[in-house]
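J.: Kindly generate the corresponding structure for this input.
(one chain, ligands or ions: 1)
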Amino acid sequence: MSKNTLLQVNSSGRFDGSVTRQVSNALVNLLKQAEPELAINQRELASGLPFIDEQWIAANFTPQDQRNEQHLKALNFSDKLVNELAESNTLVVASPIYNFSIPAVLKAWIDLIARAQLTFKYTENGPQGLLTGKKAFVVAASGGVPIGSEMDFATNYLKQVLGFIGISDVTIIDTSKVFQDGSIDQTTLQSYLDLPVLEQAI
Ligand SMILES: Cc1cc2nc3c(=O)[nH]c(=O)nc-3n(C[C@H](O)[C@H](O)[C@H](O)COP(=O)(O)O)c2cc1C
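T.: Purely as a prediction, here's the structure:
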């Protein structure tokens, strides 16, 4: 049986002092301790991602069996992002709140991974997510907007879009509870993890 894989997606524009990076790294370390065989992939978004454009949209809306070389080229990077997500059992998304929502680079990532026939499909009963059986953590930070409040258009949005592609098991980690006075409260961080994972670590 192939080993479990975790995908860590970082979207803060800063590295130095980034709360979401520190907490998401600590979370990944805890999960790795609980499961030493866990393979970890990182997708760094800080340096930017291409936005979907005319070529991409035309290619995406062309049925798979009718795509030409140009279409395949336009979708190549998006395919790569979808594959690395599809191959992961656990997803850790580190997202600051920027202007009440998620960073633009994270939205660009979502636009590239929300793909009909690959990550969701349309059925008689409406859209159906295809990436089922995964666990996601969203590591959220803000400078004052309370996480989960009406002003937080980041975590509710991420839950919605992850659910749309089939990832309904989403734990939101509020870094204001975990990261205080410049350090991580490991006990609080651990409290966000499912107990069975921690029991394996002991
Ligand atoms: C461009 C920008 C926009 C921000 N907008 C908000 C905001 O709307 N509400 C808020 O509470 N904090 C806002 N913040 C503060 C960040 O959410 C906060 O500093 C967070 O810790 C950033 O994540 P990081 O530490 O991982 O970089 C903003 C920060 C930046 C850089």
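
J.: ok, now how distant is Gly17 from Ala141?
T.: Remark: distance between Gly17 and Ala141 (C-beta to C-beta, to the nearest Å) = 11 Å. All C-beta atoms are positioned from the backbone trio N, CA, C, and that covers glycine.

J.: ok, the two, which is more surrounded?
T.: Using other C-beta atoms under 10 Å, the more surrounded residue of Gly17 and Ala141 is Ala141, with 25 against 9.

J.: need the contact list for that one.
T.: When contacts are counted by C-beta atoms under 8 Å, 6 or more residues apart in numbering, Ala141 is found next to Ser12, Val19, Thr20, Val23, Ser95, Pro96, Ile97, Thr175, Ser176, Phe179.

J.: host element of the residue nearest in space to the middle of the chain?
T.: Taking C-alpha atoms, centre = their mean, the centroid of the chain lies closest to Val93, which sits 3.7 Å from it. If you go by DSSP states H and E, Val93 is part of strand 90-96.

J.: Okay, buried residues for that strand please.
T.: By neighbour count on 16 or more other C-beta atoms under 10 Å, the buried set for strand 90-96 is Thr90, Leu91, Val92, Val93, Ala94, Ser95, Pro96.

J.: right, and the last one touches Asn10 too?
T.: So the one you mean is Pro96. No: Pro96 is beyond contact range of Asn10, at 10.0 Å (criterion: C-beta atoms under 8 Å).

J.: any common contacting residues for the two?
T.: Shared contacts of Pro96 and Asn10 (C-beta under 8 Å, 6+ apart): Thr20.

J.: which stretches of the protein form helices?
T.: Along the chain, counting by DSSP state H, helices occupy 19-34, 54-60, 69-86, 104-113, 155-164, 175-178, 186-191, 195-201.

J.: Using a markdown table, lay out these together with mean neighbour count and distance to the ligand.
T.: Shown next, in a markdown table, are these (neighbours: other C-beta atoms under 10 Å; distance: least, C-beta to the nearest ligand atom, whole Å):
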| stretch | mean neighbour count | distance to the ligand |
| --- | --- | --- |
| helix 19-34 | 20 | 3 |
| helix 54-60 | 15 | 26 |
| helix 69-86 | 16 | 21 |
| helix 104-113 | 20 | 10 |
| helix 155-164 | 17 | 12 |
| helix 175-178 | 19 | 7 |
| helix 186-191 | 14 | 15 |
| helix 195-201 | 12 | 24 |
